[in-house]
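# let's see this in three dimensions:
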Amino acid sequence: MDKLMKNIIITGVNGEISKLFAERLKKEKDFDVSQISVRGSEWETLSWENTDCFIHAAGVTPQNIKTEDDYENVNYRLACRIAEKAKKEGVKKFIYISTMAVYGATQNMDAQKGTVTKKTSLNPKSAYGKSKLHAEEFLKTLQCDDFSVVIIRVPSIYGRGKTEYLDQYKYLAEKLPVIPYAFTKLYKSAICLDNLCELIYLAVNSDISGVICPDDGEISAVDFCSAIYPSKKKSVMLGKLIEIFLKKNARILDYYGAICYSKDLTSVFDGKYRVADFKEAVKKSYEK
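Below is the predicted model of the structure:
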């Protein structure tokens, strides 16, 4: 018997996640994927009946430099209206792209304090994080046997021309003749677009619901610098000096401080969503 075609809708026409995931699904014959814009009111006239999975990836981020009202209106209120419509029209699964910012975690030179675990409370500091948490709280009230809700709390993203997160490490590696081999156990949760899209794909094709916290694994600032400039040597001596004399420096905290998910949080799907090679993913980010 032939597989039934899965009908997928993803919001966002120009967003990196939307574009790449749509490309990912269009290569497979068992999916009919549509990208829609949720700007304006035209989306309200569309029919979402017979939709197997709705992925809400559109929103405003800190890079957009929006006001608190913009965050609430787009990331919270609009998301709620979209989810209500999806449930009313019989959509089976709703995937919401949220953020690690809902925890309010900040970088820390103590690995334990910089790690988000299952016990970490939700305490967003930014308007962006607060708006995403408000949406999460509402979406959870819609969860039922006929409407499955998946929330993906994405950390920093990079890949396919998206370099904002990587640029800080590029700057560090450019300014010094060597890469300081320091604080290699202070990890930074981030995820490349290819791995994120694979995660969404696995979520679409499983019975999973609830919260997912993914990343690319245990990666430090040194790993990012080395992946951006693979030919640069690493200096253990310079790293030790930084660890001894500059560990309280604000700039060093920015570069090296830990802010990551615990391994048990990121082990969803047994880590099978990590399909991209880390060094290749970083390299691809800077390719035009």
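# strands of the protein, start to end?
With strands called from DSSP state E, the chain shows them at 6-11, 31-36, 53-56, 93-99, 115-116, 148-154, 156-158, 179-180, 190-192, 210-212, 234-235, 260-261.
# show me the one of those that comes nearest residue 278.
strand 190-192 (7.7 Å; C-beta to C-beta). All C-beta atoms are positioned from the backbone trio N, CA, C, and that covers glycine.
# mean confidence (pLDDT) on the closest one, please.
Strand 190-192 carries an average pLDDT of 98.
# please enumerate the helices of the stretch 101-250 of the chain.
Secondary structure of the stretch 101-250 of the chain (DSSP state H, counting those that start in this stretch): helices at 127-142, 167-175, 193-204, 221-228, 236-245, 250-256.
# I'd like those written out as CSV, with distance to residue 120 and mean neighbour count added.
Output for the helices of the stretch 101-250 of the chain, formatted as CSV (distance: least, C-beta to C-beta, whole Å; neighbours: other C-beta atoms under 10 Å):
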stretch, distance to residue 120, mean neighbour count
helix 127-142, 13, 20
helix 167-175, 24, 15
helix 193-204, 20, 22
helix 221-228, 22, 23
helix 236-245, 26, 14
helix 250-256, 19, 16
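# can you put those in JSON lines and add distance to residue 282?
Compiled in JSON lines, the helices of the stretch 101-250 of the chain are given as follows (distance: least, C-beta to C-beta, whole Å):
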{"stretch": "helix 127-142", "distance to residue 282": "25"}
{"stretch": "helix 167-175", "distance to residue 282": "9"}
{"stretch": "helix 193-204", "distance to residue 282": "11"}
{"stretch": "helix 221-228", "distance to residue 282": "4"}
{"stretch": "helix 236-245", "distance to residue 282": "20"}
{"stretch": "helix 250-256", "distance to residue 282": "16"}
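# which one of those helices lies closest to residue 27?
Closest approach to residue 27 among these (C-beta to C-beta): helix 193-204, 10.8 Å.
# export stretch 130-138 as PDB, just CAs?
Extracted in PDB, the C-alpha atoms of stretch 130-138 (Å, rounded to 0.1, in the frame of the first residue of the first chain):
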ATOM      1  CA  LYS A 130       9.000  36.700  27.700                       C
ATOM      2  CA  SER A 131       6.900  36.900  24.500                       C
ATOM      3  CA  LYS A 132       7.900  33.300  23.500                       C
ATOM      4  CA  LEU A 133       7.100  32.000  27.000                       C
ATOM      5  CA  HIS A 134       3.700  33.600  26.900                       C
ATOM      6  CA  ALA A 135       3.000  31.800  23.600                       C
ATOM      7  CA  GLU A 136       4.200  28.500  25.000                       C
ATOM      8  CA  GLU A 137       1.900  28.800  28.000                       C
ATOM      9  CA  PHE A 138      -1.100  29.300  25.800                       C
END
